[in-house]
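**Q** Okay, here's the prediction I keep looking at, along with the sequence it came from:
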Number of protein chains: 6
Amino acid sequence: MRPSGRDLSEMRGVSIETGVTKHAEGSCLIKVGDTHVICTASLEPRVPPFIKGSGLGWVTAEYGMLPRSTGSRMRREASSGKQGGRTVEIQRLIGRSLRAGVDRVALGERQITVDCDVIQADGGTRCAAITGGWVALRLAVNKLMKAGDVISDPLLSPVAAVSCGIYAGQPVVDLDYAEDSEAGVDGNFILRGDGQIIEVQMSAEGATFSRDQMGQLMDLAQAGVSELVSAQKAAVA
Amino acid sequence: MRPSGRDLSEMRGVSIETGVTKHAEGSCLIKVGDTHVICTASLEPRVPPFIKGSGLGWVTAEYGMLPRSTGSRMRREASSGKQGGRTVEIQRLIGRSLRAGVDRVALGERQITVDCDVIQADGGTRCAAITGGWVALRLAVNKLMKAGDVISDPLLSPVAAVSCGIYAGQPVVDLDYAEDSEAGVDGNFILRGDGQIIEVQMSAEGATFSRDQMGQLMDLAQAGVSELVSAQKAAVA
Amino acid sequence: MRPSGRDLSEMRGVSIETGVTKHAEGSCLIKVGDTHVICTASLEPRVPPFIKGSGLGWVTAEYGMLPRSTGSRMRREASSGKQGGRTVEIQRLIGRSLRAGVDRVALGERQITVDCDVIQADGGTRCAAITGGWVALRLAVNKLMKAGDVISDPLLSPVAAVSCGIYAGQPVVDLDYAEDSEAGVDGNFILRGDGQIIEVQMSAEGATFSRDQMGQLMDLAQAGVSELVSAQKAAVA
Amino acid sequence: MRPSGRDLSEMRGVSIETGVTKHAEGSCLIKVGDTHVICTASLEPRVPPFIKGSGLGWVTAEYGMLPRSTGSRMRREASSGKQGGRTVEIQRLIGRSLRAGVDRVALGERQITVDCDVIQADGGTRCAAITGGWVALRLAVNKLMKAGDVISDPLLSPVAAVSCGIYAGQPVVDLDYAEDSEAGVDGNFILRGDGQIIEVQMSAEGATFSRDQMGQLMDLAQAGVSELVSAQKAAVA
Amino acid sequence: MRPSGRDLSEMRGVSIETGVTKHAEGSCLIKVGDTHVICTASLEPRVPPFIKGSGLGWVTAEYGMLPRSTGSRMRREASSGKQGGRTVEIQRLIGRSLRAGVDRVALGERQITVDCDVIQADGGTRCAAITGGWVALRLAVNKLMKAGDVISDPLLSPVAAVSCGIYAGQPVVDLDYAEDSEAGVDGNFILRGDGQIIEVQMSAEGATFSRDQMGQLMDLAQAGVSELVSAQKAAVA
Amino acid sequence: MRPSGRDLSEMRGVSIETGVTKHAEGSCLIKVGDTHVICTASLEPRVPPFIKGSGLGWVTAEYGMLPRSTGSRMRREASSGKQGGRTVEIQRLIGRSLRAGVDRVALGERQITVDCDVIQADGGTRCAAITGGWVALRLAVNKLMKAGDVISDPLLSPVAAVSCGIYAGQPVVDLDYAEDSEAGVDGNFILRGDGQIIEVQMSAEGATFSRDQMGQLMDLAQAGVSELVSAQKAAVA
């Protein structure tokens, strides 16, 4: 009944290839089905003004889509002169989510910027960006620790994300574009490897949902994220 | 234990004064404690290009804060040349939430723009904006119905919102600024008058939460929203 | 003969409510007929670069209109990406006018920013903004003096403004929107409480005027401003 | 007592050279002392949307300064990404002033854009721009009339402008930069050739003025403008 | 003597992988040494206004770099609010170069937009973008021809580009970043497959060059481009 | 056969008037036929951040066109909110070209900004800007040397530029607008007074050219530039 023929609780295939660019301190190409995102983690000397001198570190994120990552070509945000509302919302979410897995005291006063650029989109780009972004972050932090610049590990636990929604009346996990564009309810679940919740966003446009349905989506999300965390662990091993 | 001395499940006082501007088709000044928001609903002739000719209506929202609605003066967004990420995120949320309570076929091919401008901020401005925005929308739709421009009521049910969070380890409802700036977990719950859920956003910066805690916040939210819906109904009666 | 039935030299009713926001150092809501403006004065730590180290203070102003303060909804300047020419012109006028009533040596090296936000417009918004802006400024300076941060009073005299114009061939004071949109000649007069002139702007689009007419408008303005100054004095008493 | 040694009521030398660019329908280089402005009038096919179909014409203006027209180099507005507040204010004034001398019915549904670009600045650039702008406009309209595109002359009377101010306690006409930067009161007077007034702007920063002083400046302005009108008439003869 | 150990006339290894995104009408990932660029060609319904109704087609290009495609992270152009001068210059060059190989009558009134996004940069990104961009364009045109939308082939000849320069006093081909940043003279040569020249840009910062040196660089460029054209032909075969 | 009746190798008349503005350290008005450009050189206290403390000087350039310098009025870049791609490309070329004639050590840590503003355009504006820009630069440097601020002359040799192209199948020098808009191949040649080449840009839109043609254009350019250099030397003598 799903367009892809998947079971309700079946994730798409996930692959994470690390070291895809020679310049970044950490990088990967994550593929969740036909959604492909390049994630890089860049160590930067400057911290934002509001934490200067605090001894705390900072992790932030930026998100973009190549103009033809989508079915019809989108206008390039650099040429239209600003990042659209959706982009701004997504990159704030990625940054907030990754920070929830970081001990900023252990990181020390340095900034890591995670860039997530969608090469090909087929639904769930923000979730793939968070999952792949954590891998890039992990690799960059590994480099810091190896160099002795950071002593105790600032990454508390993996952070991964999956979308779940109500499609054709049924709760499904890891929606692709065909499902996403038709779903009555659509949610993004960002969890830690230990099952703790970092962020939940569930919304319905022109519809509503019940507490029972919330619970069903949460179940799907927790199972899905544990698959993603396994893939993350394998990638950084 | 709350800075304001309120009980964990105690909302702030709510007042909604309607008809606060002579120009708008619907308007109110909503006060939730010391958070004051002017909401206006403007009937506009044009619909967005993507629904032209579809026969469907559209409801959208914009959000702003007066520069000195906050403790220290913020830079005016009109002068800095763009709306910040937070503003963009909030006004998308307001629009999405209000649309979830609208039958767009019954509304017909017309647009209503809800403007929410914060006069004084003390936490929970986006929730007050949604709750007051629905009142302005209701009044504007009433005018349409009275004029016979719309036959069957396009507003399915009231839409209201409340914030809940974990403050000092305890679940609390309707956080004011003192609580909001210290809370480990912070959520916004947008519900319909009949208890159905429209949108849930729970997030933790530098922390996490459990499914049990999600449930406790949800309980507080449902009780809080039913108080807000009573205030909405009284205001538009 | 005036749309409102007022005499040629009759002002609209004026009310000034102070302390309308708990955050600002000074604030008021001024109502001149159906023109309603919220004015706040914010004490700010930084002075503009060109007076750093000079020992002189600075007073500046910003002006905005809520999108639905007008008969048909205006586009929000924050969303269109810049302040329009009219806004820029008005806020420069407000700042210049208020500074003409300030002893910048006595103020000392600090900045006060006066924000004037139009809630409801019915002609004469810039004049109401100046008149109300001075009240907010007065209250903020009172706070500085009470705290002992400023010794001798930097406010030399009240500053107030009124519009006068030629409507239907007759000189009238305090034009409302119905008159303003039809007037052949339109002027703004900013005066001090002692009758001295700070700024005069008279202009005619597609028409001209004589020196005699200038004198008649000036007479109306001086009488009108003295009413406004009484209202200012009552408000800050 | 004036830095230039001029009498209180003595204008600077004025020269107006027409036909300075081969492309524009009308053009001149006006020199008022060391203030040099190139003015061009361009006939344009499109009228602004708000008068489409009305049969009325439109005259508008734009103003700019070459980066090194001033004592120290100014940032180029094209490169800083927007026109500053002063530029916007000035070009609105030029357009408004020129329109006051135009019969828009006689002009017919066409637009003339007057560009005023300051090559060298020494005070009074907006006044020189208006005076020279009218010459360019006159030449462009002559061309329209010669071609038979316009039958009755849409230009009612010359429009010219001069600055007057209180310098070192004395009323003076046609301030140069040395005076302008020190003057306590500064005014711009835009008049028609027949002595009728189009616009008056008098302002004081950190000072005030009396009605008597207003009258003295007005006297100087009327005498000064009649000299400028003679120069305009000679230039277009 | 070259940092990479290559001979003066030795190109870097070139690989071109086609079909790298499922959405675009044509796409490839071109690798010239460590310079990696994703090129997509998007068929778009609209043509620019200036050729509407002419029956002619249009090919245009846009260029971007991922923020961490370079040694240190660059600011994202979408976030800084505009495309920098270098980006604008490069994308104009790519578009102009590709159009020189297109019969716009045969293409018919349609637009193809070629997007070139640098994933990893190591010198010569604009040349790789042109060479890869042509491959994407070829594939998109093949699709048009297969569908019968275009009858006679609008692509006259392959278009490819290589950089040549004077490094350490010697003429070298296909400069990598280490050479590029030190070269006294730097040129980009865009040629057709038949050896005809489309565009030549040679420039020296803080140095100069002779006509003899121009000839040597031209020799290197012609040999280099013929290697690139072979790679293009193999890729699209 | 050329629209102007000139021989294939015949330049337009050149005049260079120096000292055209009293403020700039160096200035000229260059006329190459009907192309008129005002060039000013401004000595500025600040150097760009990337050379602070290096002891090296910097020369940069900006370029603009008056809105009605062209046959039909162009939109003012200051009002459209950004410099177009063509402007950016040209001003980068001017700066790069002038720097190629400067000994930045001898100049010392100071910046000279050359502004080139086109008053009237008839083809070849960027070449006229470079040729005139060098004259302004020379005059500004003379002033520095006279004041003893610079000891050894930082200007190595004059820098001048000319356009050459293939018009109606024939190589021609110094194209005017009528030729430029029809030419199949169009090149800009920036040379030093001693015949050394600084920059060459040759491009063909919808056409190509051969190495023989490159040589013919180069011959024309070298002859043309030597005429320009004579005019430069006469102007600064």
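**A** Received the coordinates, thanks. Numbers count the residues shown, from 1 in each chain, chains lettered A, B, ... in the order given.

**Q** what does chain A put close to chain E?
**A** Within reach of chain E by C-beta under 8 Å from any C-beta of the partner chain, chain A has these residues: A:20-24, A:27, A:34, A:38, A:40, A:42, A:44, A:62, A:64, A:66-73, A:76-79, A:81-83, A:87, A:113, A:115, A:117, A:119-121. For glycine as for every other residue, the C-beta is placed from the backbone atoms N, C-alpha and C.

**Q** Now go through the residues you listed and say which are in helices.
**A** A:77-79, A:87 (DSSP state H).

**Q** if we can go back for a sec, filter the residues of chain A next to chain E to the buried ones?
**A** Taking 16 or more other C-beta atoms under 10 Å in any protein chain shown as the criterion, what is buried in the residues of chain A next to chain E is A:20-21, A:23-24, A:27, A:34, A:38, A:40, A:42, A:62, A:64, A:66-70, A:73, A:76-79, A:81-83, A:87, A:113, A:115, A:117, A:119-121.

**Q** restrict these to contacts with chain B.
**A** residue A:82.

**Q** circling back to that earlier point, in the ones in helices among the residues of chain A next to chain E, find the pair that's most separated.
**A** Maximum pairwise distance in these, criterion C-beta to C-beta, is 13.8 Å, between A:79 and A:87.

**Q** Tell me what angle the longest helix seen in chain A forms with helix B:211-236.
**A** With residue count as the measure and DSSP H as the assignment, chain A has helix A:211-236 as its longest helix. Using axes from the mean of the first three to the mean of the last three C-alpha atoms, to 10 degrees, the direction of helix A:211-236 lies 140 degrees away from that of helix B:211-236.

**Q** what's near enough to touch residue A:84?
**A** The neighbours of residue A:84, taking C-beta atoms under 8 Å, 6 or more residues apart in numbering or on different chains as the test, are residue A:77.

**Q** oh, I was asking about residue A:65
**A** Contacts for residue A:65 (C-beta under 8 Å, 6+ apart) come out as A:74, A:87, A:117-118, A:121, A:125.

**Q** do that again at 6 Å, thanks
**A** Listed by C-beta atoms under 6 Å, 6 or more residues apart in numbering or on different chains, the contact partners of residue A:65 are residue A:118.

**Q** With residue A:29 instead?
**A** Neighbour list for residue A:29: A:17, A:20, A:38 [criterion: C-beta under 6 Å, 6+ apart].

**Q** give me that answer again for 7 Å
**A** A:17, A:20, A:36, A:38 (C-beta atoms under 7 Å, 6 or more residues apart in numbering or on different chains).

**Q** now residue A:68
**A** E:21, E:23-24, E:40, E:42, E:115.

**Q** Please enumerate the strands of chain A.
**A** Using DSSP state E, the strands of chain A run over A:14-18, A:26-32, A:35-44, A:58-65, A:111-120, A:159-167, A:170-173, A:185-192, A:197-204.

**Q** Which single one of the contacts of residue A:29 is nearest to chain B?
**A** Distances from chain B to those, taken as C-beta to the nearest C-beta, are shortest for residue A:38 (22.5 Å).

**Q** returning to that earlier point: report the two of the contacts of residue A:68 separated the most.
**A** Farthest pair in these, by C-beta to C-beta: E:23 and E:115, 11.4 Å.

**Q** For the nearest residue to residue A:208 once chain neighbours are set aside, give its distance to residue B:105.
**A** In space, and not counting its chain neighbours, residue A:208 is closest to residue B:196: 3.5 Å by C-beta to C-beta, 6 or more residues apart in numbering or on different chains. Counting by C-beta to C-beta, to the nearest Å, the separation of residue B:196 from residue B:105 is 19 Å.

**Q** Could you do residue A:63 as well?
**A** Taken as C-beta to C-beta, the span from residue A:63 to residue B:105 is 35 Å.

**Q** Which of the two has more residues huddled nearby?
**A** With neighbours defined as other C-beta atoms under 10 Å in any protein chain shown, residue A:63 and residue B:105 compare such that residue A:63 has more, 28 against 13.

**Q** ok, now which ones touch that one?
**A** Residues in contact with residue A:63 (C-beta under 7 Å, 6+ apart) are A:87, A:90-91, A:94, A:116, A:129.
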